[in-house]
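In: Sequence plus predicted model, see below.
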Amino acid sequence: MLLALLFSGTSDVPWRASPKRIASYSSACVIVPVMPQEFLASSVASRLGARIVDGDLQAGDVLRLEDIEQESAASRSVCREAVKILESLNLVRSRRHVGVTVLPSNQWDVLSPKVVHWHMSGNKREQQMSWTNELRIALEPTAARLAAERADGADLKGLQDAVSGMTAAIRNGDSTGFAHHDHAFHRSLLAATRNPLYVAHVPMLLGYLAEQYGDFSLTSENGANLVHYRDILDAITMNDPDAAEQSTRALVLGLGRASTQPSPWRAAPSE
């Protein structure tokens, strides 16, 4: 974080002051935190993006930069950068003399972790979970089949380390460690396909898992699912595509059913 030094009660502070002279102003020096522009732009973009994804701002709605500036209490340059972020995700289109137009949802970059986060954090959470589970059923079993045919020693080590890590995490009751190694398993699985189109889904999938694990607590179901992770690892190690695909489908179907339950993925509301 940047720091700004504001000197009160003096107008003759030299641009290049000696240490002694700087010390003489110490009693009048106030240190004020200043947020980097990149952080502020991301914050403004997040607020607007969430409103768009939630439907508060509809396709075809036009925003003026002046309105964004006023509502966010941010500078014009920060608001411009925020709009650029949203444009990069195809949520809006900015045109001079027109304004910032909200685009239809079929143009959004729905694989972006940012868009996934806005869906999962708002009123579209259940819909995002349903979409992602459908995608995972289509994607991950086939990825496991390809991994069984193509994985090398480094891929196998990544999968083995992830399964060992999840096993240790369950034994120690470490929910954070379990989530970390679960992420590593799915990342290694897609990487082992050697297909860049599969690998391109890694950021979206990890972003989704991160949202699911936000209020996560270990349950007996995680221990039961660990059997599937081990079966997948064994099948890929033995170069058995059919077994790898079947075990992965069983895992993803089980996780999909669990994610639609009120628990264990989300903490119970406080009373």
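Out: Sure, I can see it. The structure displayed is predicted, hence computed values, not measured ones.

In: Render the CA-only coordinates of stretch 171-179 in CSV, please.
Out: Coordinates of each C-alpha in stretch 171-179 appear next as CSV, following Å, rounded to 0.1, in the frame of the first residue of the first chain:
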residue,chain,number,x,y,z
ARG,A,171,-6.8,-37.8,9.5
ASN,A,172,-5.9,-34.5,11.1
GLY,A,173,-9.3,-32.8,10.7
ASP,A,174,-7.7,-30.2,8.5
SER,A,175,-10.4,-28.8,6.2
THR,A,176,-8.1,-26.1,4.7
GLY,A,177,-5.5,-28.7,3.9
PHE,A,178,-8.1,-30.9,2.3
ALA,A,179,-9.4,-28.1,0.1
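
In: roughly how far is it from the heart of the chain?
Out: Stretch 171-179 sits 20 Å away from the centroid of its parent chain (CA atoms, centre = their mean, to the nearest Å).

In: Check which residues of it are buried.
Out: Neighbour counts over stretch 171-179 (16 or more other CB atoms under 10 Å) mark 174-175, 177-179 as buried. In short, each C-beta sits where N, CA and C put it, glycine included.

In: And the residues you listed, which is closest to residue 100?
Out: Each of the buried residues of stretch 171-179 was checked against residue 100 using CB to CB; the closest is residue 179, at 36.6 Å.

In: Tell me the helices and strands packed up against the longest helix along the chain.
Out: In the chain, assigned by DSSP state H, the helix with the most residues is helix 125-150. On a contact count with 3 or more CB pairs under 8 Å, 6 or more residues apart in numbering; DSSP states H and E, helix 125-150 meets helix 113-121, helix 175-191, helix 196-199, helix 202-212, helix 220-237, helix 241-259.

In: in which helix or strand would I find the spatially closest residue to residue 177 that is not a sequence neighbour?
Out: Nearest residue to residue 177, sequence neighbours excluded (CB to CB, 6 or more residues apart in numbering): residue 169, at 3.8 Å. Residue 169 belongs to helix 153-172 when assigned by DSSP states H and E.

In: Could you do residue 101 as well?
Out: Going by DSSP H and E, residue 101 is part of strand 99-102.

In: Give the buried residues for stretch 209-225.
Out: Applying 16+ other CB under 10 Å to stretch 209-225 flags 209-213, 216, 218, 222, 225 as buried.

In: Let's see the pLDDT reported for the residue nearest to residue 177.
Out: What the model reports as pLDDT for residue 169 is 95.
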